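Visitor: What shape does this take:
(4 chains)
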There are 2 protein chains.
Amino acid sequence: MDIKNQLKALNNSARMQILEWLKKPDANFPPHESGLTFENGVCVAYIQEKAGISQSTTSQYMSILHQAGFVLPTRIGKWTYYKRDEEKISQFMQALNGIMTISGEIK
Amino acid sequence: MDIKNQLKALNNSARMQILEWLKKPDANFPPHESGLTFENGVCVAYIQEKAGISQSTTSQYMSILHQAGFVLPTRIGKWTYYKRDEEKISQFMQALNGIMTISGEIK
DNA sequence: TCAACATATCGCGATTTGTCAATATGTTGA
DNA sequence: TCAACATATTGACAAATCGCGATATGTTGA
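Guide: The predicted structure is shown next:
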(Lines give C-alpha, C1' and ligand atoms only; values in the text may rest on other atoms or scores of the structure.)
Protein backbone atom coordinates (compact mmCIF):
# COMPACT_ATOMS: atom_id res chain seq x y z
CA MET A 1 0.00 0.00 0.00
CA ASP A 2 2.52 2.58 0.95
CA ILE A 3 5.25 3.24 -1.54
CA LYS A 4 8.03 3.10 1.02
CA ASN A 5 7.38 -0.55 1.77
CA GLN A 6 6.91 -1.32 -1.89
CA LEU A 7 10.34 0.08 -2.69
CA LYS A 8 11.74 -1.89 0.22
CA ALA A 9 10.20 -5.04 -1.18
CA LEU A 10 11.86 -4.39 -4.53
CA ASN A 11 15.21 -3.77 -2.89
CA ASN A 12 16.30 -7.37 -3.20
CA SER A 13 17.43 -9.24 -6.27
CA ALA A 14 15.61 -12.45 -5.48
CA ARG A 15 12.28 -10.75 -4.88
CA MET A 16 12.69 -8.69 -8.01
CA GLN A 17 13.43 -11.80 -10.05
CA ILE A 18 10.51 -13.68 -8.64
CA LEU A 19 8.20 -10.89 -9.80
CA GLU A 20 9.71 -11.12 -13.25
CA TRP A 21 9.41 -14.88 -13.43
CA LEU A 22 5.77 -14.62 -12.47
CA LYS A 23 5.14 -12.54 -15.57
CA LYS A 24 5.32 -15.75 -17.61
CA PRO A 25 4.86 -18.76 -15.36
CA ASP A 26 4.68 -21.26 -18.21
CA ALA A 27 7.99 -20.02 -19.58
CA ASN A 28 9.75 -20.17 -16.21
CA PHE A 29 8.23 -23.06 -14.30
CA PRO A 30 7.33 -26.69 -14.99
CA PRO A 31 3.63 -27.54 -14.99
CA HIS A 32 2.16 -28.28 -11.59
CA GLU A 33 2.11 -31.95 -10.75
CA SER A 34 -1.41 -31.50 -9.47
CA GLY A 35 -2.44 -30.73 -13.03
CA LEU A 36 -3.46 -27.21 -12.06
CA THR A 37 -2.88 -24.43 -14.57
CA PHE A 38 -1.05 -21.23 -13.60
CA GLU A 39 -4.33 -19.38 -13.34
CA ASN A 40 -3.75 -18.83 -9.66
CA GLY A 41 0.00 -18.50 -10.04
CA VAL A 42 2.91 -20.68 -9.05
CA CYS A 43 3.40 -22.78 -5.93
CA VAL A 44 6.04 -21.79 -3.40
CA ALA A 45 8.10 -24.93 -3.89
CA TYR A 46 8.76 -24.13 -7.55
CA ILE A 47 9.70 -20.56 -6.79
CA GLN A 48 12.05 -21.77 -4.09
CA GLU A 49 13.77 -24.23 -6.40
CA LYS A 50 14.19 -21.71 -9.18
CA ALA A 51 15.49 -18.98 -6.87
CA GLY A 52 17.86 -21.34 -5.11
CA ILE A 53 16.99 -20.10 -1.65
CA SER A 54 15.73 -21.92 1.42
CA GLN A 55 12.10 -22.77 2.01
CA SER A 56 11.76 -20.37 4.93
CA THR A 57 13.34 -17.51 3.04
CA THR A 58 11.11 -18.13 0.05
CA SER A 59 8.00 -18.13 2.17
CA GLN A 60 9.11 -14.94 3.87
CA TYR A 61 9.91 -13.22 0.60
CA MET A 62 6.52 -14.10 -0.83
CA SER A 63 4.96 -12.66 2.29
CA ILE A 64 6.90 -9.42 1.80
CA LEU A 65 5.81 -9.23 -1.83
CA HIS A 66 2.26 -9.88 -0.72
CA GLN A 67 2.33 -7.15 1.93
CA ALA A 68 3.68 -4.80 -0.72
CA GLY A 69 0.65 -5.66 -2.81
CA PHE A 70 2.63 -7.10 -5.71
CA VAL A 71 1.32 -10.67 -5.50
CA LEU A 72 -1.87 -12.46 -4.56
CA PRO A 73 -1.84 -15.80 -2.71
CA THR A 74 -4.37 -18.55 -3.25
CA ARG A 75 -4.41 -21.51 -0.97
CA ILE A 76 -5.58 -24.73 -2.58
CA GLY A 77 -5.23 -27.81 -0.50
CA LYS A 78 -1.77 -27.87 1.02
CA TRP A 79 -0.35 -25.62 -1.65
CA THR A 80 -0.17 -21.87 -1.81
CA TYR A 81 -0.03 -20.33 -5.24
CA TYR A 82 1.18 -16.82 -5.87
CA LYS A 83 0.45 -14.68 -8.89
CA ARG A 84 1.20 -11.07 -9.75
CA ASP A 85 -1.36 -8.40 -8.93
CA GLU A 86 -1.06 -6.44 -12.16
CA GLU A 87 -3.43 -3.75 -11.00
CA LYS A 88 -1.46 -2.98 -7.86
CA ILE A 89 1.83 -3.15 -9.72
CA SER A 90 0.53 -0.70 -12.24
CA GLN A 91 -0.75 1.61 -9.52
CA PHE A 92 2.65 1.49 -7.85
CA MET A 93 4.43 2.42 -11.06
CA GLN A 94 2.04 5.30 -11.60
CA ALA A 95 2.57 6.55 -8.08
CA LEU A 96 6.35 6.24 -8.29
CA ASN A 97 6.28 8.01 -11.59
CA GLY A 98 4.35 10.87 -10.09
CA ILE A 99 6.90 11.18 -7.33
CA MET A 100 9.99 10.75 -9.45
CA THR A 101 9.30 12.76 -12.55
CA ILE A 102 8.39 16.40 -13.02
CA SER A 103 5.51 15.82 -15.40
CA GLY A 104 4.30 12.65 -13.79
CA GLU A 105 4.48 10.99 -17.18
CA ILE A 106 6.85 8.59 -18.83
CA LYS A 107 8.27 10.43 -21.79
CA MET B 1 23.75 3.21 -13.63
CA ASP B 2 22.51 -0.12 -12.49
CA ILE B 3 18.96 -0.31 -11.35
CA LYS B 4 19.79 -2.17 -8.18
CA ASN B 5 21.76 0.75 -6.79
CA GLN B 6 19.17 3.19 -8.00
CA LEU B 7 16.45 1.39 -6.09
CA LYS B 8 18.75 1.29 -3.07
CA ALA B 9 19.24 5.04 -3.33
CA LEU B 10 15.48 5.55 -3.33
CA ASN B 11 15.04 3.30 -0.34
CA ASN B 12 15.32 6.16 2.13
CA SER B 13 12.74 8.81 2.93
CA ALA B 14 15.20 11.69 3.17
CA ARG B 15 16.81 10.93 -0.19
CA MET B 16 13.42 10.55 -1.79
CA GLN B 17 12.29 13.88 -0.40
CA ILE B 18 15.42 15.66 -1.51
CA LEU B 19 14.77 14.50 -5.05
CA GLU B 20 11.24 15.85 -4.82
CA TRP B 21 12.35 19.19 -3.39
CA LEU B 22 14.81 19.57 -6.23
CA LYS B 23 11.94 19.44 -8.70
CA LYS B 24 11.12 23.03 -7.73
CA PRO B 25 14.07 24.64 -5.99
CA ASP B 26 12.54 28.11 -5.89
CA ALA B 27 9.45 26.76 -4.18
CA ASN B 28 11.41 24.82 -1.58
CA PHE B 29 14.57 26.78 -0.85
CA PRO B 30 15.50 30.42 -0.16
CA PRO B 31 17.53 32.19 -2.81
CA HIS B 32 21.26 31.65 -2.59
CA GLU B 33 23.04 34.35 -0.66
CA SER B 34 25.65 34.40 -3.36
CA GLY B 35 23.00 35.71 -5.72
CA LEU B 36 23.27 32.61 -7.86
CA THR B 37 20.12 31.26 -9.47
CA PHE B 38 19.10 27.62 -9.14
CA GLU B 39 20.37 26.89 -12.63
CA ASN B 40 22.99 24.55 -11.22
CA GLY B 41 20.77 23.36 -8.42
CA VAL B 42 20.80 23.89 -4.68
CA CYS B 43 23.76 24.05 -2.30
CA VAL B 44 24.26 21.27 0.24
CA ALA B 45 23.78 23.53 3.24
CA TYR B 46 20.20 24.38 2.24
CA ILE B 47 19.35 20.77 1.61
CA GLN B 48 20.79 19.85 4.97
CA GLU B 49 18.78 22.49 6.79
CA LYS B 50 15.53 21.56 5.07
CA ALA B 51 16.02 17.83 5.62
CA GLY B 52 17.01 18.28 9.24
CA ILE B 53 19.92 15.88 9.06
CA SER B 54 23.59 16.33 9.83
CA GLN B 55 26.09 17.83 7.42
CA SER B 56 27.97 14.57 7.00
CA THR B 57 24.82 12.60 6.37
CA THR B 58 23.60 15.15 3.87
CA SER B 59 26.85 15.05 1.96
CA GLN B 60 26.79 11.28 1.95
CA TYR B 61 23.19 11.16 0.76
CA MET B 62 23.94 13.53 -2.09
CA SER B 63 26.84 11.31 -3.04
CA ILE B 64 24.56 8.28 -3.08
CA LEU B 65 22.02 10.12 -5.24
CA HIS B 66 24.85 11.15 -7.52
CA GLN B 67 26.21 7.62 -7.87
CA ALA B 68 22.69 6.50 -8.70
CA GLY B 69 22.68 9.06 -11.47
CA PHE B 70 19.75 11.03 -10.12
CA VAL B 71 21.59 14.31 -9.48
CA LEU B 72 24.43 16.30 -10.98
CA PRO B 73 26.91 18.20 -8.82
CA THR B 74 28.49 21.49 -9.80
CA ARG B 75 31.28 22.92 -7.73
CA ILE B 76 31.45 26.71 -7.71
CA GLY B 77 33.90 28.19 -5.28
CA LYS B 78 33.52 26.54 -1.94
CA TRP B 79 29.96 25.50 -2.68
CA THR B 80 28.62 22.38 -4.33
CA TYR B 81 25.27 22.66 -6.04
CA TYR B 82 23.14 19.67 -6.87
CA LYS B 83 20.39 19.48 -9.44
CA ARG B 84 18.25 16.66 -10.76
CA ASP B 85 19.39 14.77 -13.83
CA GLU B 86 16.02 14.53 -15.53
CA GLU B 87 17.34 12.44 -18.35
CA LYS B 88 18.75 9.77 -16.06
CA ILE B 89 15.68 9.82 -13.87
CA SER B 90 13.50 9.30 -16.90
CA GLN B 91 15.70 6.47 -18.12
CA PHE B 92 15.49 4.83 -14.73
CA MET B 93 11.72 5.02 -14.71
CA GLN B 94 11.57 3.52 -18.19
CA ALA B 95 13.87 0.70 -17.18
CA LEU B 96 11.97 -0.04 -14.00
CA ASN B 97 8.76 0.03 -15.92
CA GLY B 98 10.11 -2.51 -18.36
CA ILE B 99 11.07 -4.78 -15.51
CA MET B 100 7.95 -4.34 -13.43
CA THR B 101 5.13 -4.39 -15.94
CA ILE B 102 4.15 -6.96 -18.49
CA SER B 103 3.74 -4.56 -21.37
CA GLY B 104 6.57 -2.28 -20.38
CA GLU B 105 4.15 0.60 -20.56
CA ILE B 106 2.32 2.70 -18.03
CA LYS B 107 -1.33 2.10 -18.69
C1' DT C 1 50.17 32.38 3.90
C1' DC C 2 46.42 31.79 6.99
C1' DA C 3 41.84 31.74 9.03
C1' DA C 4 37.20 30.89 8.02
C1' DC C 5 34.13 28.36 5.69
C1' DA C 6 31.54 24.59 2.67
C1' DT C 7 31.73 20.10 1.65
C1' DA C 8 33.68 15.34 1.73
C1' DT C 9 35.41 11.39 4.04
C1' DC C 10 36.26 8.34 8.02
C1' DG C 11 35.15 5.56 11.97
C1' DC C 12 31.83 4.19 14.87
C1' DG C 13 27.69 2.19 17.56
C1' DA C 14 22.80 1.36 16.59
C1' DT C 15 19.36 -0.48 13.72
C1' DT C 16 17.71 -3.12 9.84
C1' DT C 17 18.01 -6.78 6.52
C1' DG C 18 19.51 -11.36 4.67
C1' DT C 19 19.25 -15.93 5.22
C1' DC C 20 19.25 -20.06 7.40
C1' DA C 21 17.76 -24.26 10.52
C1' DA C 22 14.37 -25.56 13.59
C1' DT C 23 9.80 -25.73 14.64
C1' DA C 24 4.76 -24.82 14.16
C1' DT C 25 0.49 -24.88 11.48
C1' DG C 26 -2.67 -26.59 8.42
C1' DT C 27 -4.13 -30.16 4.85
C1' DT C 28 -4.76 -34.60 2.76
C1' DG C 29 -5.09 -39.51 2.13
C1' DA C 30 -4.91 -43.84 4.44
C1' DT D 1 -6.93 -40.29 13.82
C1' DC D 2 -2.35 -40.21 12.06
C1' DA D 3 1.62 -39.79 8.98
C1' DA D 4 3.34 -37.29 5.27
C1' DC D 5 3.66 -33.16 3.17
C1' DA D 6 3.55 -27.83 1.82
C1' DT D 7 3.93 -23.67 3.73
C1' DA D 8 4.41 -20.29 7.61
C1' DT D 9 6.65 -18.63 11.68
C1' DT D 10 10.38 -18.18 15.00
C1' DG D 11 15.03 -17.48 16.66
C1' DA D 12 19.58 -16.65 15.62
C1' DC D 13 23.58 -14.52 13.76
C1' DA D 14 26.26 -12.25 9.94
C1' DA D 15 26.22 -8.52 6.84
C1' DA D 16 24.52 -4.11 5.30
C1' DT D 17 22.73 0.41 6.18
C1' DC D 18 21.64 4.54 9.12
C1' DG D 19 23.19 8.61 10.81
C1' DC D 20 26.20 10.85 13.76
C1' DG D 21 30.68 13.42 15.40
C1' DA D 22 35.35 14.03 14.26
C1' DT D 23 38.45 15.05 10.92
C1' DA D 24 40.26 15.96 6.19
C1' DT D 25 40.12 18.51 1.81
C1' DG D 26 39.59 22.30 -0.99
C1' DT D 27 38.44 27.38 -1.63
C1' DT D 28 38.32 32.23 -0.68
C1' DG D 29 39.40 36.72 1.19
C1' DA D 30 42.47 39.18 4.14
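
Visitor: longest helix in chain A, by residue count?
Guide: Scanning chain A for the longest helix, with DSSP state H as the assignment, gives helix A:86-100.

Visitor: does chain B sit close to it?
Guide: Yes: contact of helix A:86-100 with chain B (CB under 8 Å from any CB of the partner chain) involves A:86, A:89-90, A:92-94, A:96-97, A:99-100. C-beta here means a position set from N, CA and C on the backbone, and glycine is covered the same way.

Visitor: Tell me the most packed of those residues, by neighbour count.
Guide: Across those, neighbour numbers were computed from other CB atoms under 10 Å in any protein chain shown; A:F92 holds the maximum, 22 neighbours.

Visitor: Please name the residues that touch it.
Guide: Neighbouring residues of A:F92 by CB atoms under 8 Å, 6 or more residues apart in numbering or on different chains: A:3, A:6, A:69-70, B:100.

Visitor: Which single one of those residues is nearest to DNA strand C?
Guide: Compare each of the contacts of A:F92 with DNA strand C using CB to the nearest atom of the strand and the shortest gap goes to A:Q6, at 12.1 Å.

Visitor: what about whichever residue of chain A sits closest to DNA strand C, neighbour count?
Guide: Closest approach between chain A and DNA strand C, counting by CB to the nearest atom of the strand: A:S56, at 2.9 Å. Residue crowding around A:S56 was assessed by other CB under 10 Å; the count is 9.

Visitor: Looks like A:T101 contacts B:K88 (just checking).
Guide: No: counting by CB atoms under 8 Å, B:K88 is not a contact partner of A:T101; they are 11.5 Å apart.

Visitor: Now pLDDT and distance to DNA strand C too, for the residues of helix A:86-100 next to chain B, in a markdown table please.
Guide: Converted to a markdown table, those look like this (pLDDT from 0 to 100; distance: CB to the nearest atom of the strand, whole Å):
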| residue | pLDDT | distance to DNA strand C |
| --- | --- | --- |
| A:E86 | 97 | 24 |
| A:I89 | 97 | 19 |
| A:S90 | 97 | 24 |
| A:F92 | 98 | 17 |
| A:M93 | 97 | 21 |
| A:Q94 | 96 | 24 |
| A:L96 | 97 | 18 |
| A:N97 | 97 | 23 |
| A:I99 | 96 | 19 |
| A:M100 | 97 | 20 |
